[in-house]
Each structure stands twice: as C-alpha cells, then as structure tokens.
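K.L.:
sequence-free structure coming up:
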Ligand SMILES: Nc1ncnc2c1ncn2[C@@H]1O[C@H](COP(=O)(O)OP(=O)(O)OP(=O)(O)O)[C@@H](O)[C@H]1O
Ligand SMILES: [Mg+2]
C-alpha cells in the first residue's frame, strides 16, 4: 500500500504542508544515516542544518517490528497550468507498507511519526526570551502581530552550574521532568497543564539563574513579564493569551512590581512603614529600578493577577510554568502563593558548604578535599554569604591567579564578613540593652511617683 504526502497544500494558497514538514523532520534522523544523496535546509535562523534525503531516494524505518519504506520523489510539472509557485517543485513523500499492516500504520504509526517530528522540531527550535516592554510612545509595538518582543535566549546557566544542596536540586529536576511528561495525567485529574513556582531568598542567591536553568532543562521559551508596564487587567489577560505553550512566564520581584489598588494598597503601605529601615531601602531601590513609569500607575489588581495565574484563561496553550521571585516572601498576599497557584515554594539561601563545592568545581576545577576546604567549611557555617559573593571571589582576576590564591582570597573575605557580622550583632545587643535599661528606668520612675510617703528610692 502507498500513502502520499505532498509538499504543497492543494487547497488555498500554496503553503508548505505542515504534515510534510513534520515528516521531513522525523525522517531526518534516518536519512542522514541511510540515504546517499542528502538535501540541507537551514534551521534556527541559519545557525544549524537539517539534513533530509534528496529526491528519488529511499530509506526504511521500523515500527513495532514491522518494516516500512519512505521514498522522496517529484511529480513531473504540468506545463499546461499557470502556477504562482515554482512548478517544478511538486515534491512528495511516499510511504510504502505491507497490506497486512494497514491498521497499524494508519492508526498508530502515522500519529507516532507526527508526534516525534513535532518533538524534534520543538527541541531544535531557537528559543526566545520575550518581554512586554512598550515602545517610547507608550503603546505596544506589535511585532508580527504580537504583544511581546523577543530576542534569542542564550543564557548559559544550567542545573550543573547552579550551586545548591544536591538533594534539593535533584528534587526540582525530577519535579520539572515529571511535569513536562504529564500531559495525560493533568488531563485525567482535570487540571490545566501548568505549574507555579515561587522562588524566594536574599539577593544574589541564584533565583534568576535557576529560572534560566529551568528553561534550559526543559527547552522552554521565557516570557519575562514586567508588571509595572501593564496598564490594567484586560491588558494582562491579552498578554497571557499571546504567549505560547512550552514556556515559562516569569514575574521577578513580585513584591515590588505590583502596586495593588484599593484597601490592600493602604494596608501594605502601613505595614511597610513598620518594617525594618534597611529592608525598606532595598525595596525602594528595586522599585526605582523596576517601575520607572511610576506616574502612569499600573491598574493591575490582585484579583487580576490571580485570574492571570489560574483563571479560565490560564489553561490555554498548556505546558507552562509560572514563576514568581521575591526577596521577601512574607510580604506577599497569602492568596497569591497558596498551593495550586504557586505549587512549589523553593527557598534559595546563603551558601552552604555543599553549594560551595559546586562553585569551586565550576570556577576553579577544584574537587573534594583541598587543603583550604575545612577552614572554608567552618567559615561558611559561621557567616551568611551569598553564592554571588563566593562566586565573585572564586573568579580568577588575572592569568597569575590560580586556585590556591583564589581560595585564599575567599578565606580572607569570609573572615572579614564574619568580623563584620559579629560587630553588627554586638552593636545590636548593645542597643537592645540600652533600650531595656531605659525602659526599666521609666518603670521605676512611675513606681516612685505613686509612693505614698514620698520616699525616693535611689536609681540604679
Ligand atoms: N546558586 C548559585 N549558583 C551559581 N551561581 C550563583 C548562584 N547564586 C548566585 N550566583 C551567581 O551570582 C550572580 C547573581 O545571581 P542571580 O541573578 O541568580 O541572583 P538572584 O537571586 O536572582 O538575585 P536578585 O534577588 O537580586 O534578583 C549570578 O550571575 C551567578 O553567577
Ligand atoms: Mg534575580
């Protein structure tokens, strides 16, 4: 039996048929080993090549123990008709198989070929990093009809380069891989195929790096959503609809990028005033960075954002991760981060010895048991240092520096950090004590005031 797949759609405009292109991708893996004459097509904007068999070549494939033949061929051009497309390109693939396999081929092999072909093209596509930043005029620049503008995503961070507790790392990798294979499972339990992650921890502990690592692991695109430049809830929904599947939607520093309107806003402000001064400064700094369009207040509300994450619209497209990052998890509204919205909470914290070992291996090729390791281990336990600080110290700054000098520099830096932390703690304690003494004095004075006989008890 034969089945023919033509390159050009026979109806409407002459476009390349999707089935043909997908089959071409699928056959590329067999073609490159079996065919003698190959054809090269550019992929990934010319950065790589897809090799397929040339016309009049034949290759074989096997499915569940049954053999099939694929032939690529060309139909002689019909000189009588006037075609807008080049006439001599009536190419097709012909699939040949035994009659007894009719059911197997039409019911399951063809579906398998299309699925595999699609998977290959997804894996080989050039991944993009998108953002919703507007043009100077304040309106969206519709690039090819889209609200997002994108560049090629080329961040080198992977889970191998990420320093964190190996057990936790493996757990996250397993979680992601299970998710990406669970299309049927999500359908079965009646849940949209998406998963929310909340990454939190102090600045410089690897939140952004982890997002890049996730995208690299799953081969997803990234949509980096800048909430402050979204006008209102409607626009937020439009942006959501305009994303594709196999993607990660990221909202960084969620605590600073969203000014919630209404009552919640007031509460938030009030709470903020009570917070530690340092913390507030850090937030302000970030707000300045993130929300330069402050005057044109974004009217996105909490409920708009909740709808964005798990409303009815969020199910379209499928296979999506939604990731929030924050430095202050306690500032977020509990509704925003409840399980089901943010399914997995990952805390990234100061550098422990296990994380340090990963960094030492990556930056200096130093493996287990270097003479300096015990001391570094002790210092890491006694200080709060971020992986970003450690990484900076480990990086050789000139060709003269080697692993030893870098590790020595790190030890020095850690010792200084330790001293500073101790000093800060001592100062804090001092202040606390002074405060207590002052309070105690206040109480005594009061007591004195109500003494009936007017005796004055000496203070101190
Ligand atoms: N866990 C880590 N593993 C490896 N490198 C790290 C890690 N954490 C930080 N770094 C290094 O420090 C730099 C800053 O890290 P990153 O941007 O991921 O921090 P962040 O947690 O996103 O900080 P912020 O909260 O300020 O956005 C990275 O470029 C990376 O080189
Ligand atoms: Mg970051």
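P.N.:
Looks like it came in fine. The structure displayed is predicted, hence computed values, not measured ones. Ligands and ions are numbered 1, 2, ... in the order given.

K.L.:
where does the protein come near ligand 1, residue by residue?
P.N.:
In this structure, the chain approaches ligand 1 at residues 161-164, 203-209, 327, 387-388, 391, judged by C-beta under 6 Å from any ligand atom. For the C-beta atoms, the positions are set from N, CA and C on the backbone; glycine is no exception.

K.L.:
Which two of these have the greatest separation?
P.N.:
Farthest apart among these by C-beta to C-beta are 161 and 327. That separation is 22.1 Å.

K.L.:
and the closest residue to ligand 1 within the stretch 51-200 of the chain, how many neighbours?
P.N.:
When distances are taken as C-beta to the nearest ligand atom, the stretch 51-200 of the chain reaches nearest to ligand 1 at residue 163, 3.5 Å away. A total of 26 residues lie near residue 163 under the criterion other C-beta atoms under 10 Å.

K.L.:
For the closest residue to ligand 2 within the stretch 301-450 of the chain, the count of nearby residues, please.
P.N.:
With C-beta to the ion, the shortest gap between the stretch 301-450 of the chain and ligand 2 falls at residue 325, namely 5.9 Å. Residue 325: 21 surrounding residues under other C-beta under 10 Å.

K.L.:
Quick check: beta-bridge partners of it?
P.N.:
With beta bridges defined as DSSP bridges, residue 325 has these partners: residue 199.

K.L.:
sorry, back to before: out of the residues of the chain next to ligand 1, who's near ligand 2?
P.N.:
207-208 (C-beta under 5 Å from the ion).

K.L.:
Buried members of the residues of the chain next to ligand 1 into ChimeraX, please.
P.N.:
A single ChimeraX command selects the buried members of the residues of the chain next to ligand 1 (16 or more other C-beta atoms under 10 Å):
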select :161,162,163,164,204,205,206,207,208,209,327,387,391
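
K.L.:
Go through the residues of the chain next to ligand 1 and flag which are in helices.
P.N.:
Among the residues of the chain next to ligand 1, the members found in helices (DSSP state H) are 207-209, 387-388, 391.

K.L.:
Out of those, which comes closest to residue 223?
P.N.:
Among these, residue 208 lies closest to residue 223 (C-beta to C-beta), at 14.5 Å.

K.L.:
Please look at that closest one and residue 323 and confirm they touch.
P.N.:
No. Shown here, residue 208 and residue 323 do not form a contact pair, counting by C-beta atoms under 8 Å, at 10.0 Å.

K.L.:
what's the overlap in contacts for these two?
P.N.:
Shared contacts of residue 208 and residue 323 (C-beta atoms under 8 Å, 6 or more residues apart in numbering): none.

K.L.:
Now do the SS call for residue 59.
P.N.:
In three-state terms, and counting by DSSP: H, G, I helix; E, B strand; the rest coil, residue 59 is strand.

K.L.:
Please list all residues in contact with the nearest residue to it once chain neighbours are set aside.
P.N.:
What sits nearest to residue 59 in space, not counting adjacent residues and going by C-beta to C-beta, 6 or more residues apart in numbering, is residue 34, at 4.2 Å. Shown in contact with residue 34 (C-beta under 8 Å, 6+ apart): 53, 59-60.

K.L.:
okay if I get those as a markdown table plus pLDDT?
P.N.:
Conversion of these to a markdown table gives the following (pLDDT from 0 to 100):
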| residue | pLDDT |
| --- | --- |
| 53 | 89 |
| 59 | 93 |
| 60 | 94 |
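
K.L.:
Quick one: which of the residues you listed is the most crowded by neighbours?
P.N.:
residue 53 (24 neighbours).

K.L.:
That one reaches residue 38, doesn't it?
P.N.:
Yes. Counting by C-beta under 8 Å, residue 38 is a contact partner of residue 53 at 6.3 Å.
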